[in-house]
Structure formats: C-alpha cells, structure tokens
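Undergrad: What would the 3D arrangement of this be:
(4 chains)
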Protein chains: 2
Amino acid sequence: MYFVLKLKSLPPKPQKAVKRSAHQRTAVTESIEDYLECISTLVQRDGFVSVSAVADSLKLIRPSVSLMIKRLDDLGYLKREPYRGFALTAKGREIAQAIEVRHLLLSALFTQLGLDPVKYYNDIEGIEHHISDATLKKLQDLVRHLKKHPL
Amino acid sequence: MYFVLKLKSLPPKPQKAVKRSAHQRTAVTESIEDYLECISTLVQRDGFVSVSAVADSLKLIRPSVSLMIKRLDDLGYLKREPYRGFALTAKGREIAQAIEVRHLLLSALFTQLGLDPVKYYNDIEGIEHHISDATLKKLQDLVRHLKKHPL
DNA sequence: AATAAATGTTTGTCTAAGCAAACTTTATTG
DNA sequence: CAATAAAGTTTGCTTAGACAAACATTTATT
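TA: Coordinates of the predicted model:
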C-alpha cells in the first residue's frame, strides 16, 4: 500500500539575479529631476553650487545630498570631484532645462489663473514632473490663448 | 607633560526611537491615492472589487496588492476580511472621491485642450495627486471659461 | 467528493530615498 | 600655524513600495 506524499516545493532553483534594463538603471525619478532642477537654478543664481546649498534649497541634510550627488555622477548627469565640487553635464543640463521649461510654463499658467506661483510652488513642483511633451505643447497654446481671452 | 587625546566620539547615547507623528503615520501617499481611486472605480464599474482586479488594474502583482490592502485596513481607509474581500470606509471613500474629482476635471481640461484623456492617462494620473484645493477651484473656472472661449 | 484552478496571503528580498552619527577634508581665524 | 569651524563623506539604519516563491484558502470542474 502506498501513501502519496504531496510535496510542498520543488528543489530550490538557482537564484536568478534580476537583471535591470538600461532604462531602469538610468530612470529619471522625480527626485533626480528635483535635484537637477535645483542645481541648475542655483548655478544660474550664484554662479556655482555646493552640497550645502542644494541641501538648504531642497530642505534635506548634507549627507543625503552628498550621496545623491555621487549617484548623479554615476548616472552621468554631473561630474563631481570629491570635496571639491560638481557641475552638470550636458545630459544633466538637458533634463534640468526640460523641467525648468515646465516649471516656468506652469508658473505663467498659475499667474493667469490668479494663483501666486510662489504660494502654490508645491502644486507646480508636483505637477511639473508629469507633463508629457504633447501636454506641454497644449499648455503653451493655452497660456497664449488666455492672454487674448483672460478669465 | 601632557598629551591631549582628541576623543573621536562620546559614549554612545541610548538609541532614540524616532517617533512618528500621527500625520506621518496616516500620510496619504500617491500610492495610497492610486489604490483608493482604483478600488472606488472598480466598485462603481463592477459592483465589487477583489485583490486580483486591483492588481490587474494597477498592473501590480497580487501579493503587492494584498499587502497594501492590509495596510489600508490598518490605516482605516477600508475594512477587509481576509480571503473574503474588502470595502472602502467613509474615510477611504472621501479620499477616493477627492481624487476622482481631480481626475475628471483634468480629463475635461485635456479634452478641451484637444488631448485624448485616455491616451494621456499617465499625465492625468501623475498630475491629479498634486492639485491643491485652490488650484482645483481655478481649474474648474478655467474649464468653464474654455467652454465659452475655446482654443 | 476529489482534484484542479483561481485567488489570496506570508515571507524574504530589493531599490530609492531619506536621516543621524561619526568621520575626513578644506577653509577660516586668532 | 595651530585650533576650530565649516563643508563634505561614509556608514548604518529606516520606511515605502514593489516582486517572487511558497503557502493557504476558496471556488470550479469533473
């Protein structure tokens, strides 16, 4: 007579290292956009930028920024020299500029809606990360349109 | 003669347990908003909702959803009965509705801008989480205005 | 009713991103 | 120029949120 044992599991297969696609590895997160925008803005304002300045501006602490700067270097968005400073690469500037364009546009729109873009900075910051090129175009049309036909 | 030893560190102080504010504990993250919106929408569409349906809809896997459903229960946004189902609480519906209002409004706006809200679902999904009440009001004005003065 | 399929859950692991403490390097200043 | 301050970095820890494998429960099928 037999008893059939119901096996609960098969022999463990070799752990498969999850391969990350190039796209994922260099994914531009909101956080990365924030950093790049911030850095670019500070450079425009002060002519240079430091870990501390970024930390102050983003309301983070220096260690956090330091680590992210290193990551941004790895990702090729900036070049850094430990303890000496860092600066955006072309790749980094490209992203910074794209996000700045969106920010400026939203500021203009908010103004036309009668909202102080400074007071509603958080809205703008949040929204700017989620605007595709197509939407950007249409919003530009809208801002132009509202100049002729204000609210 | 003395040598002054420069101590590298003070005796380790007792680890201070980081206390989390009530606000933080119940913070409505984007993810939470997504889940609540999704659940609400599915209930409206199908009359009921399941872990699988949410997983399909949000393009996540069931275990991820299962865990989040548990968290949402803990946070009081829904009531669940393991293996049996779950449903939004008043608190959960409130958030779901707020986010749905924003979604609908943005859909209307996108339509008026000549953008298919389905095609630009990602933009809308991203943006809807970042609209304050004041901005919401103004966008409502804008949509009304555009009906009279289309692009 | 027994088995299979579907659905739901638990556990372990991972990544992004943050903070705090400790440490290092550079800059400032008496 | 030595001591201190300021700036930057490293390390260790935490949380949110996701995936995968294994396990459990419920439902469907034969």
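Undergrad: How much space separates the closest residue in space to residue A:116 that isn't next to it in sequence from residue A:125?
TA: Of all residues not flanking residue A:116 in the chain, residue A:110 sits nearest, at 7.4 Å (C-beta to C-beta, 6 or more residues apart in numbering or on different chains). Glycine gets a C-beta too; all of them are placed from N, C-alpha and C. Using C-beta to C-beta, to the nearest Å, residue A:110 is found at 12 Å from residue A:125.
Undergrad: Looking at those two, which has the bigger crowd around it?
TA: residue A:110 (22 against 17; other C-beta atoms under 10 Å in any protein chain shown).
Undergrad: how about the closest residue to DNA strand C within chain A, phi and psi?
TA: At 2.9 Å from DNA strand C, residue A:29 is the closest residue in chain A, using C-beta to the nearest atom of the strand. Per-residue torsions, residue A:29: phi -80, psi 170 (degrees, to the nearest 10).
Undergrad: quick one: the strands in chain A?
TA: A:78-81, A:85-88 (DSSP state E).
Undergrad: Pick the most deeply packed of the ones you listed.
TA: The highest mean neighbour count among the strands of chain A, using mean count of other C-beta atoms under 10 Å in any protein chain shown, belongs to strand A:85-88: a mean of 17.
Undergrad: For that strand, name the packing helices and strands.
TA: Where contact means 3 or more C-beta pairs under 8 Å, 6 or more residues apart in numbering or on different chains; DSSP states H and E, strand A:85-88 is packed against helix A:30-46, helix A:62-74, strand A:78-81.
Undergrad: which one of the ones you listed has the most crowded surroundings?
TA: Most buried among the helices and strands packed on strand A:85-88, given mean count of other C-beta under 10 Å as the contact rule, is helix A:30-46, at a mean of 18.
Undergrad: and that one, what other elements does it pack with?
TA: helix A:51-58, helix A:62-74, strand A:85-88, helix A:90-112.
Undergrad: let's go with 6 Å and repeat that
TA: Secondary-structure packing of helix A:30-46 (3 or more C-beta pairs under 6 Å, 6 or more residues apart in numbering or on different chains; DSSP states H and E): helix A:51-58, helix A:90-112.
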